[in-house]
Structure formats: structure tokens, C-alpha cells
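Novice: Next input, structure requested:
(one chain, ligands or ions: 1)
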Amino acid sequence: VSLVSTGVVIGVDVGGTNVLAGVVTPDGRVVSSVQQQTPHRNKHPRVVEDTIARAVRELSAERPALAVGVGAAGFVDTSGSTVAFSPHLSWRNEPLRAALEARLGVPVTVDNDANTTARAECRFGAGVGHAQVLCITLGTGIGGALVVDAAVFRGAHGMAGEFGHMQVVPGGRVCECGNRGCWEQYVSGNALARAAAATTGLAVVEAARAGEASAVELLAEAGAWLGTGLASLCAAFDPELIVVGGGLSQAGDLLLDPARAALLRNLTGRGYRPEPAVLPAALGVDAGLIGAADLARARLG
Ligand SMILES: [Zn+2]
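Specialist: Next up, the predicted model:
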């Protein structure tokens, strides 16, 4: 029996709020998973790495890990070794791959979390069969990935797709990236939590699903901001399909219906062009870790 048939591949999604990790099969299913809180961004980067290593050890207790893929909420360089910058974490030029490989003793692959989400959705989820896909992940902030001709577009330095930091309100709300008026200050989990004076965006989503009118209204407002930004991205990129993932996508149509309406209101050339569908990520909140594991498995060869 070869090691490949006895070991597991583990995907880890490091978001601004939670670290999700899971054992992922070759066909993109999660067979076991763990969730932990992301250490606060004023903590040393080593503390985040401790959290990742703990999750991996837990998941590889019975069968050894062959490879680990990490989707990280940050700007990951083209070679997939360094997280150059993360608005929501303590990483600044952090050599994450080398640090984790030294600890775990297995090959580690690092990519941006929205890129891994897009990979998973295009291979196993809502984007299957589509070549031009815009993927938006709504978590603590907004992550983005543009799939062009069935491959994630990376830009010159691996940092493309950070749509959450497009300025939508000149002089607007201060963003954790240091600028003002970024899109994610009006749509993300952080934005919702602040507007509702709640602990997390997910708490607002839960309240809305339970029928609380003020929470439903906040999601509608966030959805309108989402759709307005998506209309600009359609003007720029003309995607076939828009997939919305990340924790906040659990709001479903409470968020996506207002987003679709705002997208159509603002879509340039409406009536003279196909209107892209806006779909929730079919793999839900696991999409990021599934894509990370799939990338790690692909690199194993
Ligand atoms: Zn920003």
C-alpha cells in the first residue's frame, strides 16, 4: 500500500475571524473538519501558525498528512511562499510556507483565500462549466478572485482581485488596510457588526434569519452595496457568473436578492447584454479550505 493511499490532504482557510481546517478527498469533499478562532491581529504571527499547526495535527492524528494547503486572508506572492500583507492579520512579509513546512514536515502550499475559494467553486461547485467567473468572498472583509479562461488571474505580483479595497466612497470609512472608503467597509462582516453594534456579522445574519426586522434591513443595505460594487466589476470584467462565498454568504437571498437588484439597476448597458447570475458558493464556507487542499494535492503531482 503506497503512502498516497494511506495519507490525507488537509486544507486550511485562515480568515480574519476563524481558522477552518479539513481533510479533503480528491473529489472535493470534506470528511472531517475543525474550527478555531483566529488569533487577534495584534498577536505575533507565530500565534496564528500555532493555530494552523494545532488544527493540522488534530486532523492527521489517525492518518498522516501528505500535504497541507493554506488559503490565507492576505496578499500572497506569486510563488506562494510569502504573505506580503494582510489587513486583518498580523502578517507583514511573513514567510508562511517555510514556517509551516518547518513545523509540520510536509509540503505546504499557500494561496490567497479568495483564490482557493474560486478554485474550489470552479472545479467542484457553482462555477463548474464556466470559464469567466468572478468570485467574491464575504467574511471579515471582502476577498475577490477573477477567473479568466478557467484560471485565477494573479496580476503581476500575485495580488490581483483585492476588490474589497477599491475605494467606493471618497473620504469614507477608515479601513484596516489604512485607506478610506474601501468597498469592504460597507458590505463585510465587520461592517455589519459595526452597523448593528453586534459582535460579528454572523450574529446579524442569524438575527435576520430568525426574522428580526432591523437585521433584515441591515442585510438589505449591505446587499445593495454589494450589488453596486458588482455592477462596476461587471463593467470592468464582463463575467459569465458571479459566485458569492465566505461566512456572510450564509445569509443567502436575504443578502443576495438586494445585491441582484442593485446589480441590475447599475449594470452598464442593461438590456443590451446578458445579465450575469449571482449565485451563492455551492460549497458554502468550506470552499476556501477545499480549494487550498485541491491546490496542495495538485502540487503533489
Ligand atoms: Zn481597505
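Novice: pretty sure residue 148 is touching residue 132, no?
Specialist: Yes. Look at residue 148 against residue 132 with C-beta atoms under 8 Å: they come within range, at 6.4 Å. In this view, the C-beta of every residue, glycine as well, is placed from N, C-alpha and C.
Novice: which residues in the stretch 151-300 of the chain form strands?
Specialist: For the stretch 151-300 of the chain, the strands defined by DSSP state E, counting those that start in this stretch cover 151-152, 241-245, 277-280.
Novice: so which of those strands gets nearest the ion?
Specialist: When the strands of the stretch 151-300 of the chain are ranked by proximity to the ion, the top entry is strand 241-245, at 19.0 Å, counting by C-beta to the ion.
Novice: gap between that closest one and the chain center?
Specialist: Taking C-alpha atoms, centre = their mean, to the nearest Å, one finds the center of strand 241-245 at 11 Å from the center of the full chain.
Novice: just checking, what packs against that strand?
Specialist: Here strand 241-245 touches helix 113-124, strand 133-138, helix 213-237, helix 253-266, strand 277-280, going by 3 or more C-beta pairs under 8 Å, 6 or more residues apart in numbering; DSSP states H and E.
Novice: Need the contact partners of it.
Specialist: Under the contact criterion C-beta atoms under 8 Å, 6 or more residues apart in numbering, strand 241-245 has outside partners 117-118, 121, 125-127, 130, 132-138, 226, 230, 233-234, 255-256, 259, 263, 276-281, 283-285, 287-288.
Novice: swap the cut-off to 6 Å and go again
Specialist: Strand 241-245 is touched from outside by 117, 121, 126-127, 130, 133-137, 230, 276-281, 287, with contacts defined as C-beta atoms under 6 Å, 6 or more residues apart in numbering.
Novice: Okay, angle between that strand and helix 113-124 too, please.
Specialist: In terms of direction (axes from the mean of the first three to the mean of the last three C-alpha atoms, to 10 degrees), strand 241-245 departs from helix 113-124 by 120 degrees.
Novice: quick one: average pLDDT of strand 241-245?
Specialist: On average, the pLDDT along strand 241-245 is 96.
Novice: before we move on, what about stretch 90-104?
Specialist: 95.
Novice: Show me which positions of it end up buried.
Specialist: Using 16 or more other C-beta atoms under 10 Å as the test for burial, stretch 90-104 gives 90-91, 94-97, 99-101, 103-104.
Novice: Over to stretch 291-301?
Specialist: Within stretch 291-301, the residues that count as buried by 16+ other C-beta under 10 Å are 291-297.
Novice: Using TSV, please lay out the buried residues of stretch 90-104 together with secondary structure.
Specialist: Below are the buried residues of stretch 90-104 laid out as TSV (DSSP: H, G, I helix; E, B strand; the rest coil):
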residue	secondary structure
90	coil
91	coil
94	strand
95	coil
96	helix
97	helix
99	helix
100	helix
101	helix
103	helix
104	helix
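Novice: The ion contacts on the stretch 101-250 of the chain?
Specialist: Taking C-beta under 5 Å from the ion as the contact definition, the stretch 101-250 of the chain meets the ion at 165, 175, 177, 179, 182.
Novice: Would you mind giving these as JSON lines with neighbour count and pLDDT added?
Specialist: Formatted as JSON lines, those follow (neighbours: other C-beta atoms under 10 Å; pLDDT from 0 to 100):
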{"residue": "165", "neighbour count": "20", "pLDDT": "95"}
{"residue": "175", "neighbour count": "20", "pLDDT": "94"}
{"residue": "177", "neighbour count": "18", "pLDDT": "90"}
{"residue": "179", "neighbour count": "15", "pLDDT": "96"}
{"residue": "182", "neighbour count": "28", "pLDDT": "97"}
